[in-house]
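Asker: I would like the atomic coordinates for the input below:
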Amino acid sequence: MKTKFLWYSILLSSVFVFTTCKEKDNITTVTIDVPKGPYELKISASPPQNAYTSSDLSLSFYVQNDDNERIPNIPIYFSVSHGTLVEDSVLTTNNGTASCNWTLGSSIGRQTITVSADVATGERQVFNIMAYEHCDPFLDSSLDTFQHSNSPLHSYDHPTHDSVLIAKGSFTDPRDGEVYKTVTYCNQTWMAENLRYNVSGSWLNPNNPNLTYGRLYSWSAMMNGASASASNPSGVQGICPMGWHIPSDEEWTALEITLGLPIEELSVIDFRGRHASNMKTDSISGWLGSNSSGFSVLPAGYYANLSGLQFESLGNLAIFASTTSESSQKWSRIFGTYRQVRRVLSDIYIAKSCRCVQD
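Answerer: A predicted model of the protein is given here:
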């Protein structure tokens, strides 16, 4: 009996082993091909450096590994300093990309978007955009109109509207009784004449055709002890009367946008746009000015410290300083017998014309 039971046990064990082996032979092994890391967050194309307030931007990002393989289903998160997002987080698609739709805020100045990916080695990226006001026409039909022409001369005029309404006025400097014409564009009111206030560190070219050519000011005299400023508004009264200030480089840029500089050219240094004609007086032969904006730039020249102090370029050049500096040089605007405005860094030892902006 014991012998029969032993043989029966051996037989069952053999069947179990055989069956188990057969089951193992039928198992399907699935190999998952996971792209190796580490992963890195990338942007498909850099966002613009400048844009109009409240405009819509679409940005595209992706995540890739060291083999440049794009990875799907990775969460990407967005946050902005101004404006709104359609979604603040998305997954990368099957081709590894993710899009973000951002409506900029209505505030002028720097706006920021921060992007991060949910990967172990992913570093967040921060992109800054300078937002500028899109100047819409004023509704008061009694105001003067800055008319545009269809000629090639005005091919860089305001990007949307056929006309920009401007308001003209006047201001009396209580310090010396001098009366200045003024002009308002959007939220900026500028003097439409060169400053004539007499202080130490300023010069009057004896060859000026008339007083509206104004005095020429060294940067230190113009700033009147104030520190440099890149803000908009600058906050620097300088040599200007109470309630007015010296414009910063950003304020000059905002004016240029209003008067025809394409926003795509805001980062261009030296010659840019074709809007100088709109800003230059039309009363001087060969100056190539239409003065359609009423800004009335005159070729007052400058006072140079070259081989001795001397007046230069009266009749064919105008230079305006700003409060914005880099090292020992200051950002300025130059107008000449050409249709572009020049944005340049110029030496502090040159005395230039001055315009003031109302606070």
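Asker: Can you give me the end-to-end span of stretch 77-96?
Answerer: 15 Å (Cα to Cα, to the nearest Å).
Asker: Next, count neighbours for residue 205.
Answerer: Using other Cβ atoms under 10 Å, residue 205 is surrounded by 18 other residues. C-betas here are computed from N, CA, C, even on glycine.
Asker: Without its sequence neighbours, what residue ends up closest to it?
Answerer: Computed as Cβ to Cβ, 6 or more residues apart in numbering, the closest residue to residue 205 that is not its neighbour in sequence is residue 311, at 4.8 Å.
Asker: What is the burial count for the one you found?
Answerer: 18.
Asker: Where do the domain boundaries of this protein fall?
Answerer: 40-132, 144-358 (automatic domain parsing).
Asker: what's the nearest residue to residue 44 if we skip its chain neighbours?
Answerer: The nearest residue in space to residue 44 (Cβ to Cβ, 6+ apart) is residue 60, at 3.9 Å.
Asker: Residue 47 is in contact with that neighbour, correct?
Answerer: No - with contacts defined as Cβ atoms under 8 Å, residue 60 does not count as touching residue 47, sitting 10.0 Å away.
Asker: what about residue 254, which SS state?
Answerer: Here residue 254 is helix, with the state taken from DSSP: H, G, I helix; E, B strand; the rest coil.
Asker: Let me know whether it touches residue 130 as I believe.
Answerer: No - applying Cβ under 8 Å as the test, residue 254 and residue 130 come out as separate, 10.2 Å apart.
Asker: quick one, which of the two is more surrounded?
Answerer: residue 254 (25 against 18).
Asker: show me the contacts for the more buried one.
Answerer: Taking Cβ atoms under 8 Å, 6 or more residues apart in numbering, we find residue 254 in contact with 108, 132-133, 188, 232.
Asker: Let's see if you can find the most crowded of the residues you listed.
Answerer: Among the contacts of residue 254, residue 132 has more neighbours than the rest - 23 neighbours, counting by other Cβ under 10 Å.
Asker: Which pLDDT value belongs to it?
Answerer: If you check residue 132, the pLDDT there is 90.
Asker: Low-confidence bits of the stretch 51-200 of the chain, can you list those?
Answerer: 119-122, 136-165 (pLDDT under 70).
Asker: quick revisit: out of the domains of the chain, deepest packed?
Answerer: Compared across those, domain 144-358 shows the largest average neighbour count, a mean of 19 (mean count of other Cβ atoms under 10 Å).
Asker: beta partners of the nearest residue to residue 287 once chain neighbours are set aside?
Answerer: Among residues not flanking residue 287 along the chain, residue 280 sits closest, at 5.6 Å (Cβ to Cβ, 6+ apart). Taking DSSP bridges as the rule, residue 280 bridges to residue 297.
Asker: Am I right that residue 280 is in contact with residue 293?
Answerer: No - using Cβ under 8 Å, residue 280 is not in contact with residue 293; the gap is 9.2 Å.
Asker: how about the helices of the stretch 251-359 of the chain, start to end?
Answerer: 276-279 (DSSP state H, counting those that start in this stretch).
Asker: so where's it uncertain?
Answerer: 306-307, 348.
Asker: picking that back up, return the member of the contacts of residue 254 nearest to residue 318.
Answerer: residue 188 (19.0 Å; Cβ to Cβ).
Asker: just checking, that closest one touches residue 355?
Answerer: No - the criterion here is Cβ under 8 Å, and residue 188 misses it with residue 355 at 11.0 Å.
Asker: Pretty sure residue 45 sits in a strand.
Answerer: No - going by three-state DSSP, the assignment for residue 45 is coil, not a strand.
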